[in-house]
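> got a sequence here, can you model it:
(one chain, ligands or ions: 1)
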Amino acid sequence: MSGEGSLLVVGTGIMLGAHVTAEAKGAITEAELVMYVVPGVCEEWLNSLNPRMESLHDCYAAGKPREQSYDEMVDRIVTAVCSGRRVCAVFYGHPGVFVNPSHRAIAAVRAKGLPARMMPGVSAEDCLFADLGIDPGGQGCISYEATDFLIRRRVFDPATLLILWQIGALGEASVAEMRDTARLAVLVDRLREEYADDHEVIVYEAASFAICDPYIKRLPLASLVESPAPAMSTLVVPPAKTADVDDEWVRRLTR
Ligand SMILES: C[S@@+](CC[C@H](N)C(=O)[O-])C[C@H]1O[C@@H](n2cnc3c(N)ncnc32)[C@H](O)[C@@H]1O
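Next up, the predicted model:
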């Protein structure tokens, strides 16, 4: 990718400096312009890899719809690429997991006939499987964005691991953090349709620094509202039962 604008989209991983892949680090180091949306603590580290950087954080503003902020990020990335620069766009965690502008920027750059590619990274879910000792292949796994889960009344199976993202921003159309535990109570009401009050759930936040432990709080479902969740936490609802085996499908597989 040289002589014309191009886009590489990479992730930092969750733990500062420790989770970035060799591939992503190379892309950051060699870019003509690094455009980023990462937590403040990552900025200095990014700058040490490549000082040719431009923050996209100013696309966010309290009260501004997130969709509008994402549109602006995509526009800025595409404009930089179209001006002929080799751009590396950096996002937190895995750049393609619960990140809206990364996928859209790639599609928009490709639509202009220019090369664009995403490199995988370490997501919060990867950390979750490691820290909680859960294998998603065990009883299956389904994950939803928490607000989407509620407002679309998503179908789920209590025999399967359920992961709910962005519980700290329930019902928020902007970047503001949820301050109101009443919204968490709404989520609990929905979950109580399928799980007992004493069903154990886990509020999880992976460590951002090597010297810190992950935040892992196990509590009965009904107590969730009494315990404010850290801003970046994810809710884990382990299966409540084992799925039945359907003899008809077993018969079809084994005859
Ligand atoms: C906009 S998404 C970004 C996800 C990120 N791209 C990734 O790969 O994990 C933000 C949500 O990811 C989850 N998340 C981010 N950081 C986390 C952490 N350190 N521990 C647990 N969940 C985290 C939370 O559900 C949070 O609300």
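
> what does the stretch 51-200 of the chain have sitting close to the ligand?
91-94, 97-99, 123-124, 165-166, 168 (Cβ under 6 Å from any ligand atom). Using the backbone N, CA and C atoms, a C-beta is placed for each residue, glycine as well.

> let me have these in TSV, extended by secondary structure.
Formatted as TSV, these follow (DSSP: H, G, I helix; E, B strand; the rest coil):
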residue	secondary structure
91	strand
92	coil
93	strand
94	coil
97	coil
98	coil
99	coil
123	coil
124	helix
165	strand
166	coil
168	helix
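
> setting aside sequence neighbours, what's the nearest residue to the residue of the stretch 1-150 of the chain found nearest the ligand?
The ligand sits closest to residue 93 of the stretch 1-150 of the chain, with a gap of 2.4 Å, by Cβ to the nearest ligand atom. Residue nearest to residue 93 in three dimensions, not counting chain neighbours: residue 123, with 4.7 Å by Cβ to Cβ, 6 or more residues apart in numbering.

> how many residues are close by that neighbour?
Neighbour count of residue 123, defined by other Cβ atoms under 10 Å: 23.

> and the gap between it and residue 237?
For residue 123, the distance to residue 237 equals 18 Å [Cβ to Cβ, to the nearest Å].

> over to residue 207?
For residue 207, the distance to residue 237 (Cβ to Cβ) stands at 22 Å.

> could you do residue 252 as well?
31 Å.

> how far off centre is stretch 125-137?
Mean-position distance between stretch 125-137 and its chain equals 14 Å (Cα atoms, centre = their mean, to the nearest Å).

> residue boundaries of the helices in the stretch 151-255 of the chain?
All helices of the stretch 151-255 of the chain, identified by DSSP state H, counting those that start in this stretch, fall at 181-191, 247-254.

> dump the C-alpha coordinates for the first one into CSV.
What follows is the C-alpha trace of helix 181-191 in CSV, where atoms were taken according to Å, rounded to 0.1, in the frame of the first residue of the first chain:
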residue,chain,number,x,y,z
THR,A,181,-29.6,2.6,38.4
ALA,A,182,-33.4,2.6,37.5
ARG,A,183,-32.3,1.5,34.0
LEU,A,184,-30.4,-1.4,35.4
ALA,A,185,-33.6,-2.4,37.2
VAL,A,186,-35.3,-2.5,33.8
LEU,A,187,-32.7,-4.9,32.6
VAL,A,188,-33.1,-7.0,35.7
ASP,A,189,-36.8,-7.2,35.2
ARG,A,190,-36.3,-8.6,31.7
LEU,A,191,-33.8,-11.2,32.9
